Each structure stands twice: as structure tokens, then as C-alpha cells.
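Novice: My questions are about this predicted structure, shown below with the sequence.
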Amino acid sequence: MWEVVKLWLHSLLHLLFPYRCAVCGEVLMEGEEGICISCNIDMPRTNYHLKKDNPVERMFWGKFPIERASAYFFYRKGSAYHSILHLLKYEERKDLGDVMGRFMAAELKMSGFFDGIDVIVPVPLHPRKERARGYNQSACLAKGISRVTGIPVDLTSVVREKYTESQTQKSAYERWENMNGVFRLLRPERFVGKHILLVDDVLTTGATTTACADAFESVDDIRISVLALALAGD
């Protein structure tokens, strides 16, 4: 009985407050989630998961033992797809993280991108920032990926000890300097011989992701892959 009531309430709320596409703002049709089919089709995908030695992988060459890396779509200033990131990070749209995580995983899974990965580690926020926002957007993405792949998510082993200012207005050098020694790994013995997937929302210079990967530096036989929702460009 309660399930019927919940379904009825859900339908009523959708009628009164229809879900809208995060990109174009049009009302979503039955079966659409987060973004409409048209915006999904037009999304500027990188398809880097299909290309070995792609630009995202090269971003991390020589910095840590990178296995594979990709980003789902290109993010450029002025793009309509900027709204996905804005809503996810600043408008409490945690649901978009789950939806986009599932979208990414469903597409990349077919290429074998997730093969051999033992655990998903979302890049953590500083506790002060996470309290202010109410959630970690990268963790929302990771949980969506996990729902499709079945790979467990670890939310507690990497901690962000140093509070950093926004990277948005910083130069590439300042971004790297700003991230020095930010993360610490707890219980490193749990990751010996493991293949981890670091998940973040946006890649720009890769400084934040590299700093997170550095926390695993002392772990023997560690392998690291990277997946981001968006890759920033000009």
C-alpha cells in the first residue's frame, strides 16, 4: 500500500513541478533523466576511453602509475553543458551526479574501461567545504558509476587535510603549488596490489587528481585509473 502511495505522490509532484533538462531547460519526457535525449545526443563527448595514450592519459604521464584515463565530455566556457556542472556543484543537484555517473559507466563499460578495477575512490572535499555544500559531487558520480559496474566505492580512506582556495582563477603553476600535500591516505595496507579508479568532476590541469594519487605513493604494486565527468578547455 505504501509503495502505491509513494508512486502517486511522486507522480503528483512531477505534475506540479516537472523535471527539466539540466542543459536546455525543457520539461523531461517519461523515461528521461537529468538531461533530455536531444541534449544527450548532442553532448560533446571526448570518447577518449576508446583511444589509448589519449590527452587525459598523457596529462598524468610521469606523475603516477596511470593505467587508463578518460573524461566524459568537453567543458568549455559559454557552453550550455556548463549548467550540468553548475547545478551539480552549487545547486544541490546530487541526483545529477548519480545520473551522469550511470550514463558514463554504461557507455564506458562496453569498452572494458572498468575491467580489473577493484575500488572507486572519489576525490574528497575538505570537510569544511563538504559541510557547507552538504555533499561531495565526486562521490555522487562515483556512486552512480558503482550502481552500473558493481565496483565498490571507498569514501573514507583518503582525507583532504588542507583547505584550499578555489582553483578557478589560478594559473597552472599556482594550481600545482596549491595542491601540494593536500591529501592523506589512511590504512594504506588495504590498497596493496589494488587497481583504483579516481573519480573527479572536472579536469583542468590535473593538479587535484595528481595530488590525490600522490597519497597512494607509498603503496606497493598500486595501479591507478582516472575518470572525470568533464575535461575543461578554452
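Specialist: Received, thanks.
Novice: how about Ser70, secondary structure?
Specialist: strand (DSSP: H, G, I helix; E, B strand; the rest coil).
Novice: For the closest residue to Lys63 other than its chain neighbours, identify the helix or strand it belongs to.
Specialist: For Lys63, ignoring the flanking residues on the chain, the nearest one in space by CB to CB, 6 or more residues apart in numbering is Thr210 at 5.0 Å. For glycine as for every other residue, the C-beta is placed from the backbone atoms N, C-alpha and C. Element membership for Thr210, per DSSP states H and E: helix 207-214.
Novice: now swap in Ser218 and tell me
Specialist: Using DSSP H and E, Ser218 sits within no helix or strand.
Novice: related to what we said a few turns ago, just checking, the residue nearest to Lys63 touches Met179?
Specialist: Yes: at 7.4 Å, Thr210 counts as touching Met179 under the criterion of CB atoms under 8 Å.
Novice: what's stretch 149-163 in contact with?
Specialist: Contacts with stretch 149-163, where a contact means CB atoms under 8 Å, 6 or more residues apart in numbering, come from 105, 109, 114, 117-129, 139, 142-143, 145-146, 181-187, 190-191, 197, 212, 215.
Novice: of those residues, buried ones?
Specialist: Those of the contacts of stretch 149-163 that meet the buried threshold are 105, 114, 117, 119-126, 139, 142-143, 145-146, 182-183, 185, 191, 197, 212, 215, by 16 or more other CB atoms under 10 Å.
Novice: List the ones among these that fall in helices.
Specialist: Members of the buried ones among the contacts of stretch 149-163 lying in helices (criterion: DSSP state H): Ala105, Ala139, Ala142, Lys143, Ile145, Ser146, Cys212.
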